[in-house]
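[1] Requesting a structural model of the entry that follows:
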Amino acid sequence: MLAVSGIAACAPAADESASTIVGTLQNHKIDEASGLARSQRYPDVFWVINDDGPSELYAINSAGRDLGRVKISDASNRDWEDIASFTLDGVGYLLIADIGDNDGKRKDVRLYIIEEPEPGKSKVDYAWRFDFEYPEGPRDAEAIAVDVENQRVLVLTKRDIPALLYSVPLVPDSKKRQAATRLGVVGSLPQPTRSEIQFAAKTNTWHWQPTSMDISDDGMQAVILTYGGVYLYERGPDQSWLTALQRQPRVISRTHNRQAESAAFNASGDAVFITLEQRNAPLFRLPLSGAPE
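    Numbers count the residues shown, from 1 in each chain. This next block holds a predicted model:
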């Protein structure tokens, strides 16, 4: 389990897998990695974003080696918090989620979708972008995933207890601001006690808050990263993601780290990669026992 580089481990769960540090993020410009996504074009490539600064994507291989950066034209990085990859109509895309809202004041948040570029390409235009708002008002969120089967984006909030799951269309039928649909609560993640909530600010421990989410390429697995652990969900045939996320997840790792904010499946769906919000962060690989071949 994750127990190095400042990550303090709890007692192992019965089904935890051992993680391996496979490298470090070599590009010193990646200093607050808030999102990680597998490439849809190359099995050994991942894409990383920072949560502020230039509107750039950073390509790395599965050992953290720098493969170059790509600037997104006419885009702003207000608070990029997650990135996802998906294939639609045979084309590979990346979705960048500018959804962070620590103060709960943003009337709307924004998604950028680009065709996945070559690593190191100097600049790319977005294919489409759109703003959306939550029906009950502003929400802070850092975790998104693309549900290709239903052509929608799933958004999991961070500060609600339990976390709330929303959806927005992946390809809106207009350029107007979109309204997110509240799907329901995700109470299957470990929840805080009253005491933990009361003293969280003093102890700087928020183990229950989701910081990243991803769906495997086959659409049958989802991983959620929190400050307290890595949790794997499996979806049955014809089962909705909301229903799947109500079931108890498999605990892949229990961690306590306030910088754990990026998680992604690998291309084959048999492992999850994790990295942290710090310069030259370690890159962890967590194998998934019982994952599809």
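[2] Where is the longest helix in the protein?
    helix 194-203 (DSSP state H).
[3] which is the next helix or strand following that one?
    The C-terminal neighbour of helix 194-203 among helices and strands, as given by DSSP states H and E, is strand 210-215.
[4] Show me what that following strand is in contact with.
    With contacts defined as CB atoms under 8 Å, 6 or more residues apart in numbering, strand 210-215 is touched by 35-37, 82, 84, 142-148, 154, 156-158, 163, 186, 189, 221-227, 241, 260-265, 272. Where C-beta positions appear, they are placed from N, C-alpha and C, glycine not excepted.
[5] The residue sitting nearest the centre point of the chain and residue 165: what is the separation?
    Closest to where the C-alpha atoms of the chain average out (CA atoms, centre = their mean) is residue 212, at 3.0 Å. Remark: distance between residue 212 and residue 165 (CB to CB, to the nearest Å) = 14 Å.
[6] Run me through the strand neighbours of the strand or helix carrying residue 22, direction for each.
    Assigned by DSSP H and E, residue 22 belongs to strand 20-24. The strands beside strand 20-24 in its sheet (DSSP bridges) come out as strand 282-287 (antiparallel).
[7] how about the strand it pairs with as CSV, C-alpha atoms only?
    What follows is strand 282-287, C-alpha atoms only, in CSV (Å, rounded to 0.1, in the frame of the first residue of the first chain):
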residue,chain,number,x,y,z
PRO,A,282,6.3,10.1,-7.0
LEU,A,283,4.2,8.1,-9.5
PHE,A,284,2.6,5.0,-7.9
ARG,A,285,1.2,2.0,-9.7
LEU,A,286,-1.4,0.0,-7.8
PRO,A,287,-2.3,-3.4,-9.4
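[8] Mind listing residues that contact that strand?
    With CB under 8 Å, 6+ apart, strand 282-287 has contacts from 2, 4-5, 17-25, 60, 62-64, 230, 252-253, 266, 270-276.
[9] Just the mean pLDDT for the longest helix of the chain, thanks.
    Mean pLDDT, taken over the full extent of helix 194-203, equals 91.
[10] re earlier: just grab the bridge partners of the residue nearest to the centre of the chain for me.
    Assigned bridge partners for residue 212, using DSSP bridges, are residue 225.
[11] was I right about residue 221 contacting residue 268?
    No: contact criterion CB atoms under 8 Å: residue 221 and residue 268 do not qualify, at 11.5 Å.
[12] tally of neighbours for the nearest residue to residue 78 once chain neighbours are set aside?
    Counting by CB to CB, 6 or more residues apart in numbering, residue 98 is the residue found nearest to residue 78 once chain neighbours are left out, at 5.4 Å. Neighbour count of residue 98, defined by other CB atoms under 10 Å: 23.
[13] Can you name the residues that contact residue 98?
    When the contact criterion is CB under 8 Å, 6+ apart, the partners of residue 98 are 76-81, 109-112.
[14] beta partners for it?
    Bridge pairing for residue 98 - DSSP bridges - gives residue 80, residue 110.
[15] quick one: contacts of the longest helix of the chain?
    For helix 194-203, contacts defined as CB under 8 Å, 6+ apart pick out 161, 192, 205-208.
[16] so which of those residues is the most crowded?
    residue 208 (22 neighbours).
[17] wait, doesn't that one sit right on residue 189?
    Yes: using CB under 8 Å, residue 208 makes contact with residue 189 at a distance of 6.4 Å.
[18] Now do the shared contacts for the two.
    residue 226.
[19] buried subset of the contacts of residue 98?
    In those, burial by neighbour count holds for 77-81, 109-112, counting by 16 or more other CB atoms under 10 Å.
[20] Including distance to residue 56 and pLDDT, could those go into CSV?
    Formatted as CSV, those follow (distance: CB to CB, whole Å; pLDDT from 0 to 100):
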residue, distance to residue 56, pLDDT
77, 8, 97
78, 14, 96
79, 15, 97
80, 10, 98
81, 15, 97
109, 19, 97
110, 16, 98
111, 17, 98
112, 12, 98
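[21] Before I go, just wanted to say thanks for your time.
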